[in-house]
Each structure stands twice: as C-alpha cells, then as structure tokens.
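A.B. asks: pasting the sequence and the predicted coordinates here, then a few questions.
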Amino acid sequence: MKPIRNVLITGGAGYVGTLLTPQLLELGYNVLVYDTMYYGCELKPQDRLKIVQGDIRDTKFLKENLWGIDAVISLGCISNDAGYELNEDLSKTINYDCFEPMVKAAKEQGVHRFIYASSSSVYGVSDAPEVTEEHPLKPVSLYNEYKGKCEPLLFKHADDSFTCVTIRPATLCGYSPRQRLDLSVNILTNHAVNNGKIVVFGGSQQRPNLHVQDMCDLYKLLLTLEDEKIQGETFNAGYENQSIDDIALEVKKVVEEEFPDRAPIEIEHTPTNDIRSYRITSTKIQQKLGFTPKRNIGDAVRDLCKAFKEGKLPNSMTDEGYHNVKVLKSKGIM
Ligand SMILES: NC(=O)c1ccc[n+]([C@@H]2O[C@H](COP(=O)([O-])OP(=O)(O)OC[C@H]3O[C@@H](n4cnc5c(N)ncnc54)[C@H](O)[C@@H]3O)[C@@H](O)[C@H]2O)c1
C-alpha cells in the first residue's frame, strides 16, 4: 500500500467534514477541503490545511487541486431528499453528472484511494429482516437513486493503482461544529431541549443511525487499511436499527437527565402517511474491517445537550442555517 499523506475532502465544510478535518490534521495528514461553502465554513486555514472554495462540477479546477493528493474522501453533494427535490435537474448535475469526471480526474492526477460516501437509503423501503450489501437497490427518491448510481461509476475505474471503496452510512446524529438540525435524532433533541416536546410522526418505522464521530472514525480507518481489504468493496455502516418511538424515548430520557428543570419532556404522536421503514445490517464491515461503532444514540443526544448548554447552538429553533434545505432556498442556490 502506498502511503497516504495528502487528503482532499469534497464537501469538507459540511456536517461530517467539519468534524473530520481537524482530526485528520491531528493525525498528521495534510488536508485540502474543496467545497462550494453553501452552508458557510467553520474551518479556518492553518498549517497543513488548505481550504478551497470550488465546485465538483468544475472538473478542470478540481483537477488542478487534485495534483499531489493521495486520497479523496467524497462527501460533497446535495445531501438529503428535501434539498435534492428543490431543483432536481440542478441536483443531478452535482450528485451524478460530475461524479465520473471527478473520479477520472482523481485517477489521472495520481490519487490512489477514493472513498465514496453513498447512503444506506439506497435500499429504499424494505421489510427484509437483514438488509445486507447484497439487498437489491430500490430507491424511493432521486437522491437515493443517484447516490446508488454513482457507485458502479467509481468501481469501473478501480485497478492496481486506484483503490475504490463505497460506504453506505445510516442517518447520522450528534454534534459537529457545522451543525445540521435536519437529521432525525438531532431534530428530536433540539425540540426536546428547546420546546419541551417531541412530535413523532407515526412511530413504528425503523431507522438505522450512526454517531457522526463513529462516521469520522470510519473514514480515518479507511485511510489506513491495506488496499486488498477494501478494493471494490461496499460497506453498510450503522449502529443499530431502532423504531422512531424508541428513538424518541431515548431522546426524552437523556434530555430529562441533562436538563432536569425541563422535565417531563412530552411525546406527542401524529399520524403520518409516510410509513417508510428500513433497517440495515452492518455485519460485513465488522467482520471484514473490524469496525464497530462505539457510540449510541444516547451519546449523540448527550453531546448535543452539552453543545446547547455551552451556547454552541444559538437560536436553534429559528435559525435557518441549521437546515440545509432552508439555506439552499434562502440563498437562491436551488
Ligand atoms: N448526514 C447524514 O445523515 C448522511 C447519511 C448517509 C450518507 N451521507 C452522505 O455523507 C456525505 C456528507 O454528509 P453531510 O451530512 O456532511 O452533508 P452536508 O450537506 O453537511 O455537507 C455537504 C457539503 O457539500 C458541499 N457541496 C454541495 N454541492 C457541492 C458542489 N457542487 N461542489 C463542492 N461541494 C459541494 C456543501 O457546501 C456542504 O458543505 C454526503 O455525501 C451525504 O450524502 C450523510
């Protein structure tokens, strides 16, 4: 395996990238964050960190920045259904059309490892008890569909000089300096802490989750593993599958412990037509790569509570900046 020292993260100014980048610097990597900065940028240039405002659709400019890079972590995209649906044509240019040109540019510039963040939502809705990586992809949204369609475009270019791996993460949760409060556990926690109430739509639907710090630990691990272990492989990455009802109860319990003065947190149920339910099995990544998430949903809720107490998430009920779709709309990006 060739050594990896220089890492380019597309979308590195987002929720995951902002948490991951300082940790990579700490480990001694040189990092280049390449991002349109749709949601701003909490990272500051520093020794071994280069921050470039750039668009992955601008293959020429991206290619210039890929010179000397050993590994790409591909996070940049319109990262949820709601954002994608604001302008489906434009979203497709970001989430799909430019993907293969980006992969080719990386390979041509001598990048030797490409890590792609797909999504566990590619499976769509399934009541199968075990949703392994072999489960057919039955996407229920264009976001899911194009996340999945990029995967073979990456693997097409894999060879001895270019190691390619796809991760299908569960929905993430927890604190990051670029906070998203539009992800299920984070939404419930925000409402519990700041409104004293959680509204659950339906409740029996199953959802897999993963702590955002475990996500970062996985990307760090993927930079260190031997090529043979990951070449051409796809891995689910989730902690546990829980029903929305169970998640709401866990959020209630932790928030009541952290903010006893706000107890009891009320849980209100509202019927929904959206009974989409899915689960994933993450046994392969455990067995093949030895990756086991170390944090549960309660830990994510506790971290968010700490951030609220420290005043790191001001105006969380009103500031649109915490919601990707609202930012894309209000800035006229979509
Ligand atoms: N957050 C989750 O729950 C979750 C779950 C599964 C998979 N993923 C995937 O993980 C990745 C990271 O997720 P996240 O929550 O950090 O997303 P995010 O929306 O917080 O970050 C994405 C970043 O990409 C940037 N970006 C968007 N279009 C771009 C373009 N054309 N060129 C360059 N940069 C662009 C944005 O400015 C943003 O900073 C995404 O690919 C997402 O699909 C996330």
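C.D. replies: Cool, the structure landed.
A.B. asks: surely residue 68 is within a helix?
C.D. replies: No - going by DSSP: H, G, I helix; E, B strand; the rest coil, the assignment for residue 68 is coil, not a helix.
A.B. asks: so it touches residue 8, yeah?
C.D. replies: No - if you go by Cβ atoms under 8 Å, residue 68 and residue 8 don't touch, sitting 9.4 Å apart. No exception for glycine: its C-beta is placed from N, CA and C like everyone else's.
A.B. asks: more crowded one of these two?
C.D. replies: residue 8 (26 against 13; other Cβ atoms under 10 Å).
A.B. asks: can you tell me the SS state at the more buried one?
C.D. replies: Classified using three-state DSSP, residue 8 is strand.
A.B. asks: I'd like the average pLDDT over the helix or strand hosting residue 85.
C.D. replies: Secondary structure from DSSP states H and E places residue 85 in helix 81-86. Here helix 81-86 scores 93 as its mean pLDDT.
A.B. asks: list the buried ones in that helix?
C.D. replies: Under the neighbour-count criterion of 16 or more other Cβ atoms under 10 Å, helix 81-86 has 82, 83, 84 buried.
A.B. asks: tell me if it is near the ligand.
C.D. replies: No - on the criterion Cβ under 6 Å from any ligand atom, helix 81-86 is out of touch with the ligand, staying 7.5 Å away.
A.B. asks: for residue 278, give me its contacts.
C.D. replies: Counting by Cβ atoms under 8 Å, 6 or more residues apart in numbering, residue 278 touches 120, 121, 123, 124, 125, 126, 131, 206, 207, 208.
A.B. asks: quick one, which of the residues you listed are buried?
C.D. replies: Buried among those (16+ other Cβ under 10 Å): 120, 121, 123, 124, 126, 131, 206, 207, 208.
A.B. asks: return the backbone torsion pair for residue 208.
C.D. replies: Residue 208 adopts backbone torsions of phi -90, psi 150, taken as degrees, to the nearest 10.
A.B. asks: what parts of the stretch 151-300 of the chain come near the ligand?
C.D. replies: Residues of the stretch 151-300 of the chain lying near the ligand (Cβ under 6 Å from any ligand atom): 169, 171, 172, 180, 183.
A.B. asks: go again with 8 Å.
C.D. replies: 167-173, 176, 178, 180, 183, 210, 212, 215 (Cβ under 8 Å from any ligand atom).
A.B. asks: show the pLDDT at the residue in the chain that the ligand sits nearest to.
C.D. replies: The minimum distance from the chain to the ligand, using Cβ to the nearest ligand atom, falls at residue 14 (2.0 Å). Looking at residue 14, its pLDDT reads 98.
A.B. asks: helix/strand/coil for the residue of the chain most remote from its centre?
C.D. replies: Within the chain, the residue lying farthest from the chain centre (Cα atoms, centre = their mean) is residue 261, at 33.0 Å. The local conformation at residue 261, judged by three-state DSSP, is helix.
A.B. asks: show me the helices in the stretch 201-334 of the chain, by range?
C.D. replies: In the stretch 201-334 of the chain, the helices defined using DSSP state H, counting those that start in this stretch lie at 212-222, 227-230, 244-258, 283-289, 297-309, 324-330.
A.B. asks: low-confidence regions, this structure specifically.
C.D. replies: 275 (pLDDT under 70).
A.B. asks: can you pull out the strands in the stretch 1-150 of the chain?
C.D. replies: 6-10, 30-35, 49-53, 71-74, 113-117 (DSSP state E, counting those that start in this stretch).
A.B. asks: reformat these as JSON lines; add distance to residue 272.
C.D. replies: Shown next, in JSON lines, are those (distance: least, Cβ to Cβ, whole Å):
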{"stretch": "strand 6-10", "distance to residue 272": "34"}
{"stretch": "strand 30-35", "distance to residue 272": "34"}
{"stretch": "strand 49-53", "distance to residue 272": "39"}
{"stretch": "strand 71-74", "distance to residue 272": "33"}
{"stretch": "strand 113-117", "distance to residue 272": "28"}
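A.B. asks: if I pick residue 325, what's in contact with it?
C.D. replies: Taking Cβ under 8 Å, 6+ apart as the test, what residue 325 contacts is 80, 82, 83, 86, 182.
A.B. asks: and if we set it to 6 Å?
C.D. replies: If you count contacts by Cβ atoms under 6 Å, 6 or more residues apart in numbering, residue 325 has them with 82, 83.
A.B. asks: now it: how far from residue 334?
C.D. replies: As judged by Cβ to Cβ, to the nearest Å, residue 325 and residue 334 stand 8 Å apart.
A.B. asks: what touches both of those two?
C.D. replies: What both residue 325 and residue 334 touch, as defined by Cβ under 6 Å, 6+ apart, is an empty set.
A.B. asks: shouldn't residue 235 be in contact with residue 285?
C.D. replies: Yes - using Cβ atoms under 6 Å, residue 235 is in contact with residue 285, at 4.2 Å.
A.B. asks: tally of neighbours for the residue of the chain closest to the ligand?
C.D. replies: Neighbour tally, residue 14, other Cβ under 10 Å: 26.
A.B. asks: likewise residue 312?
C.D. replies: Neighbour number of residue 312 under other Cβ under 10 Å is 13.
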